[in-house]
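Visitor: Sequence first, predicted coordinates after that:
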Amino acid sequence: MSGGWRLARLVALGLTMMLSACSSPEPVLYTIAAVPGPVQTGGPKVVQLRQIGLARYLERSQIVQSSENYRLDVRANDWWGEPLAAMLSRVLIEELGQRLPQALVFGEAGAVSPTPDATIELNVQRLDEDAAGMLILQAQASVGFKGRAATTLRNFRFVTPIAANARAQGAETRDEVAAISTATGQLADGLAAMLLGAPGPR
């Protein structure tokens, strides 16, 4: 009996170790922060930001580190706190409202749905680090105005340095998200310029 008891105990211990090895810690959740920009006067009174289109490789909970060299590097245990398209929409609405205080800016998916004077359509083609460790935000934007048949189209590409301590333990993901926040603020500057009919950064 003692030998059988020892065997059962060893089996139970082995199963416990296997389960511990297979389990993973809870993911760390991150969010993009709104970045203030220059306040402008004028522009459309009511602006609708339509649902943002994302490159398919970005449609995941995990934060993408890089898509360079034919390889997709994903931060397996660092996740976005909400779907990335919804987060970008929320942050851009806040940033555009700050930059254009005379405008009411709202999202397509929200409960508020007034008739817009201008609409923004946005495709995000890239949002990750390049081989040099710079954050790349690449997007296409279209702005349409009520009563005008033609729309304004623009390509955007922002290259944002990631903090020098990005390789420090525990800081790498935070610094990437901070760079994404900075680039998103630059995108908001460009969209605000399009709404005002002025040339914006490319």
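Guide: In hand now; what should we look at? Numbering: from 1, shown residues only.
Visitor: Could you pick out the longest helix of this structure?
Guide: helix 172-196 (DSSP state H).
Visitor: So which other helices or strands are in contact with that helix?
Guide: Judged by 3 or more Cβ pairs under 8 Å, 6 or more residues apart in numbering; DSSP states H and E, the packing partners of helix 172-196 are strand 28-30, strand 62-66, helix 84-99, strand 118-129, strand 134-145, strand 151-161. (Each C-beta comes from the backbone N, C-alpha and C, glycine too.)
Visitor: Which positions in it come out as buried?
Guide: For helix 172-196, a neighbour-count test (16 or more other Cβ atoms under 10 Å) marks 172-196 as buried.
Visitor: Compute the inter-axis angle for that helix and strand 62-66.
Guide: Counting by axes from the mean of the first three to the mean of the last three Cα atoms, to 10 degrees, helix 172-196 points 90 degrees away from the direction of strand 62-66.
Visitor: Next, the angle from helix 172-196 to strand 134-145.
Guide: Using the same axes, to 10 degrees, helix 172-196 lies at 30 degrees relative to strand 134-145.
Visitor: what angle do helix 172-196 and helix 84-99 make?
Guide: Using the same axes, to 10 degrees: helix 172-196 against helix 84-99 is 50 degrees.
Visitor: I'd like the average pLDDT over helix 172-196.
Guide: Per-region confidence: helix 172-196 scores 96 on mean pLDDT.
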